[in-house]
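K.L.:
I would like the atomic coordinates for the input below:
(chains A and B)
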Amino acid sequence: MRDCIVSISTPLGKGAVAIVRMSGKDSLPVALKLFHSKHFDEGKIKPRFMYFGTFDLSETAKEECLMVYFKAPFSYTGEDIVEFQVHGGVLLAQKIVEACLNAGAVMAEPGEYSKRAFLNGKITLDKAEAIIGEINAETEGELNSSLQITNGRLAEEILEEQQNIQTMIAEIEVGMDYPDETEELNLKLDIRERLFQTENRIEKILSQSQSATYIKNGINVALVGKTNVGKSSIMNALLGEDRAIVTDIKGTTRDSITESFIYHGIKINLIDTAGIRETKDIVENIGIEKSKQNLNTADLVLFVLDGSENETAEDKEIENLLKGKKFITLINKTDKKRVLEKKKNEIEISATTNKNVEKLKQKILNMVLNEEIDFNNLVLTNERQVQILKDAKSILEEIGQNQNLQIDVLSMLVKKLWLTLGKITGNTENEDIINLIFSKFCLGK
Amino acid sequence: MEKFDSIVIGAGHAGCESALALARTGNKTLLLTISLDAIAFLACNPSIGGTAKGQLVGEIDALGGEMGVNADKTAIQIRMLNSGKGPAVQSLRAQADKNEYHTQMKKTLENEKNLIVRQGEVDSVEIDGENKIITTHLGIKYQAKSVVFATGVYLKSEIIIGSTREKTGPNGFKNSENLSNSLKKLGIKLLRFKTGTPVRLHARSVDFSKMEIQNGDENIQPFSFMTENKIENRAVCYLTYTTPKTHEIIRANLDKAPAISGEIKGVGPRYCPSIETKVVRFADKERHQLFLEPEALETKEMYLQGFSTSMPAEIQKEMVESVIGLEKAEIMRDAYAIEYDCIDPTQLKPTLELKGVDGLFFAGQINGTSGYEEAGAQGLIAGINANLYNKGKDGLVLKRSDGYIGVLIDDIVTKGTNEPYRMMTSRAEYRLLLRQDNADMRLTEIGRKVGLVDDKRYQKFLHKKQIMKEIEEKLETKVKVDKKLEKLFSDNEETLPKESMKLRDVMKRNNIDIYKIDKAYNLFNEEEKKFLEFVNINIKYEGYLKQQQEDIDKMLANENVSIPEDFKYEGLKGIRTEAIEKLSQIGPFNIGQASRISGVSPSDIAVLSVFVKKFKEEKKKK
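P.N.:
Residues are numbered from 1 along each chain as shown, chains lettered A, B, ... in the order given. Model (predicted):
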């Protein structure tokens, strides 16, 4: 196991820049698996020096960001710390965290940075009580969010799911601890089938939570298309009278512009590659590069085509980048005669006559929000809880992929699943399972 | 006054292990028992092992204890339970000859050179500085550095049958009326538990033709690593059922059942309910299964498993006669419930030594557990630790990741118990690693270190390890994609690889195992063939074993942060009052143990670890 904890250290949902922090002796190796910079001097990383480079979100997706390395013991925790400064919005920061987790980091527990700082003697003993206050404040924050959970329907669902699993464990365990009575117990061990249902429900909860994150942080919509196709006029048409928030972020790493509007209570962030509109002399390839970057952070892509002409090579190249992404094809300039062939999943739009603009807005919501959002039910916006559910899902996938598991291994994985969900519900007492065994089954000599 | 290094009180399954462990590590030891005829008495079921308990016996054996050896000597039928459910939950269970089990253990004790075995009832224990003074019922006094209490269910025990209450120990043996009070004087908190045992029947009166026969398994490894011969099946068991009439009789007489009427106040085990409890609690069940087990080869007595009761004798007779095949059954011994004093085990350290008084150890049912194997395991650890105490050395604590013994002791000293505690495989979170087949690999080195694994066993162990290494090396061989491999793969419906591969990787295919590889390549010699299973499990389960190992590593990080004994919990800011109460009551020895106390939350633990660190650093400064 690697010694490296990770979390987003800036407040969720606020600010134009987010910081993802890792601490522990394996922080740098984990970071260097993901972050590359031409400024690294033969692989030597200077501490307390800010590097510009790219971060691998996945095999294909890269993101530009900044990295700082604090070498132990000269850091907040007294351990090696690596921080990434990434462009605002929680979604991107979450993707960075996810990549770090995949590379071997472990999600930080509440108060863990402060705790490590103390244990490593970075904070003097007389500050100990202050630190305890801090740990409590953070765990109280956790507590509040779990209280919030207990009110929601989603929370009930997670609890119910964990209880279903608890019943399954009891049924598996009773057969193992009382093999002579198994026939008598008349167990129906349709565990796999029931786990499959659990998986479906967890996926549903995850997508509901995902919707909840959108409520908090907005939906990121990238506009891509070759120059002069009319991206900015579409942007203006969308912003129209609904224009509520206009932010102009000129990033240090990216020259894109984000503007937002509210639609049905949901913030929609439009990302346009504004920087290249004015520079006509730059080769077309740059447009593709820019589109690529915007794709990484977008929840949905609007792919704009000119309806009055045939598809060009550049259009096709951009279209190729959209594979595996959620996107809507927008046919612009429909006030002119349509030349372009019909595309799948297209919407004809006209920035000048506002044709289909409302329809587009509705479609953006429909495509991103998998579930009806119940505004009284804003739950699991907590990043740690979402991660826990994702962990649960991956255990279920592991079970699904291995159909030949012996019951002893299967039971281990189901137990792990139960413990994982227990991190949200707080029920991890093994005794509860044993109690269930005895209350459900008649056993014993 | 006669002086000893150690005195062991009680010669049941815990006491025997303690006494042998002490004597074998060179301590002049006195083993006192209320009756020499009750040594290693199988007071309830005539069997050793079973789920989780088989693992315990394997671990006792690996540490150099006696239970496995004695069970092998006296087994008359053996079965491997859960054989279809994967190696982690497979457990051995043997029907033991009850008379032989006692006789053989007594013989072993008598032949141990540092051990004095003596009949005598202990009335009191007093602390005299470093020494402990024991006084028997007849006024004899003995002195020792350490004492192991392994009194079983004999403390103020009462046997209950219907409205009859008798102050006796199990099976009519004398009980101990005075020792409880002496323990109270030492400030020890006592609990009152109950358990029970079913009727014994005469075999000639049973109509076996109406029952299902249960045979033993052939070719099963014995309990002990040192037993060379396979166990011969010399007896069978039978399965039968209660009838609606049985339930009718029970319902009609519930007012006479002490367990239901409230006459019995002691807390009974849920996993061992009386038949009346089963009928009441699971009213919709039409029948309950019962097993008939032979008590010994040289007796006709049979044990009716599943029929524990404390009903009046005449109703017991009616109930028995309503069971299929028992219509004409002759009862030889009545079923009874027994109430007894035991201690709250949270008063113990994980070494089984009493907190606050050095040199007093507790093991077995006196600690609120149940079962021969649970008792034996604790007896062995108490004996090992009494020896280490006598020699001024640090005690032995087995971790939850070391074995079921570690789980058992950690559970009772950390969480306590409100019913007689039984070991179950579901209590062991690392059970994929804690298997019966690898108990010797896990624990022999520890047994060697504490002086209980003799040269003979150790050499045999090293030999096995060497052979296993050779097996693993052979599996590193790369094989070409040739006719042989093609056949192996096609016979087992596996898709053929393109390149040559290691046999080890061939083994990881779903449908292929070490035996199929051996058959195809004729790889292993006779000696190696004996140990293939262990290597097979290790390789087939590699990924999952690794997952558990990672969980263990995580746990050990907390386990290795000790909490000093003089650390005070009162007034710690930031820990909830409930948690502070629990922590001060249990007095955990490390952060890991603290985190397992019920009612202590992860954030309590985060804060606690800060305070512990602060405490240690301030101590260092002084």
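K.L.:
which SS state does residue A:7 fall under?
P.N.:
Put simply, residue A:7 is strand when judged by DSSP: H, G, I helix; E, B strand; the rest coil.
K.L.:
what's the neighbour count on the closest residue to it other than its chain neighbours?
P.N.:
In this structure, residue A:7 finds its nearest non-sequential neighbour in residue A:108, 4.1 Å apart by CB to CB, 6 or more residues apart in numbering or on different chains. Backbone N, C-alpha and C define where each C-beta goes, glycine included. Applying other CB atoms under 10 Å in any protein chain shown, we find 22 residues neighbouring residue A:108.
K.L.:
report the buried residues of the helix or strand harbouring residue A:171.
P.N.:
Residue A:171 belongs to helix A:153-177 when elements are defined using DSSP states H and E. Residues A:154-155, A:157-159, A:161-166, A:168-177 are the ones in helix A:153-177 that count as buried (16 or more other CB atoms under 10 Å in any protein chain shown).
K.L.:
near chain B, which of those show up?
P.N.:
On the criterion CB under 8 Å from any CB of the partner chain, A:169, A:173, A:175, A:176, A:177 are the entries of the buried residues of helix A:153-177 that sit beside chain B.
K.L.:
residue B:514 is in contact with residue B:537, isn't it?
P.N.:
No: Residue B:514 lies out of contact with residue B:537 (CB atoms under 8 Å); the separation is 9.3 Å.
K.L.:
neighbour count: the two, which is higher?
P.N.:
With neighbours defined as other CB under 10 Å, residue B:514 and residue B:537 compare such that residue B:514 has more, 25 against 20.
K.L.:
can you pull the contacts of that one?
P.N.:
B:475, B:507, B:532, B:533, B:535, B:536, B:539 (CB atoms under 8 Å, 6 or more residues apart in numbering or on different chains).
K.L.:
and the gap between the closest residue to the third one other than its chain neighbours and residue B:460?
P.N.:
Nearest in space to residue B:532, with sequence neighbours left out and distances taken as CB to CB, 6+ apart, is residue B:514 at 5.0 Å. Plainly put, residue B:514 is 22 Å away from residue B:460 if you go by CB to CB, to the nearest Å.
K.L.:
likewise for residue B:192?
P.N.:
45 Å.
K.L.:
re the thing from before, would you list the phi and psi of the residue nearest to residue A:7?
P.N.:
Main-chain dihedrals, residue A:108, degrees, to the nearest 10: phi -70, psi 140.
K.L.:
ok, it - contacts?
P.N.:
Counting by CB under 8 Å, 6+ apart, residue A:108 makes contact with A:5, A:6, A:7, A:23.
K.L.:
now, which of these sits nearest chain B?
P.N.:
Taking CB to the nearest CB as the measure, residue A:5 is the one of the contacts of residue A:108 closest to chain B, at 12.5 Å.
K.L.:
give the contact list for the residue in the stretch 151-300 of chain A positioned nearest to chain B.
P.N.:
The stretch 151-300 of chain A approaches chain B most closely through residue A:173 (4.0 Å), counting by CB to the nearest CB. Counting by CB under 8 Å, 6+ apart, residue A:173 makes contact with A:411, A:433, A:437, B:424, B:425, B:426.
K.L.:
which element, helix or strand, includes the residue of the stretch 251-400 of chain A found nearest chain B?
P.N.:
For the stretch 251-400 of chain A and chain B, the shortest gap (CB to the nearest CB) falls at residue A:398, measuring 9.6 Å. Per DSSP H and E: residue A:398 is located in helix A:383-401.
K.L.:
follow-up on the earlier one: how close does the residue nearest to residue A:7 sit to residue A:27?
P.N.:
12 Å.
K.L.:
swap in residue B:324?
P.N.:
Using CB to CB, residue B:324 is found at 69 Å from residue A:27.
K.L.:
residue A:106 too?
P.N.:
11 Å.
K.L.:
mind listing the shared neighbours of those two?
P.N.:
With CB under 8 Å, 6+ apart as the test, residue A:106 and residue A:27 both reach residue A:4.
K.L.:
so between those two, which is more surrounded?
P.N.:
Neighbours around residue A:106 and residue A:27, counted as other CB under 10 Å, are more numerous at residue A:27. The numbers are 28 against 19.
K.L.:
who are the contact partners of that one?
P.N.:
Residues near residue A:27 by CB under 8 Å, 6+ apart: A:4, A:79, A:80, A:81, A:82, A:105.
K.L.:
among those, which are located in strands?
P.N.:
A:81, A:82 (DSSP state E).
K.L.:
pick out the residue nearest the middle of chain B.
P.N.:
Closest residue to the average C-alpha location of chain B: residue B:374 at 2.5 Å, with CA atoms, centre = their mean.
K.L.:
which parts of the stretch 251-400 of chain A are strands?
P.N.:
A:257-263, A:266-272, A:300-306, A:327-332, A:346-348 (DSSP state E, counting those that start in this stretch).
K.L.:
what residues does the stretch 251-400 of chain B have near chain A?
P.N.:
Residues of the stretch 251-400 of chain B lying near chain A by CB under 8 Å from any CB: B:269-273, B:278, B:281-282, B:285, B:288-289, B:291, B:305-306, B:308.
K.L.:
out of those, which are buried?
P.N.:
Buried subset of those (neighbour count, 16+ other CB under 10 Å): B:269, B:270, B:271, B:272, B:273, B:278, B:288, B:289, B:291, B:305, B:306, B:308.
K.L.:
okay, these in TSV with pLDDT and secondary structure next?
P.N.:
Shown next, in TSV, are those (pLDDT from 0 to 100; DSSP: H, G, I helix; E, B strand; the rest coil):
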residue	pLDDT	secondary structure
B:269	77	coil
B:270	77	coil
B:271	76	coil
B:272	76	coil
B:273	83	coil
B:278	88	helix
B:288	91	coil
B:289	92	strand
B:291	96	strand
B:305	95	strand
B:306	92	strand
B:308	92	strand
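K.L.:
what number of residues lie near residue B:391?
P.N.:
By other CB under 10 Å, the residues close to residue B:391 number 13.
K.L.:
separation between it and residue B:146?
P.N.:
For residue B:391 relative to residue B:146 (CB to CB), the value is 10 Å.
K.L.:
and for residue B:210?
P.N.:
Residue B:210 is 54 Å from residue B:146, by CB to CB.
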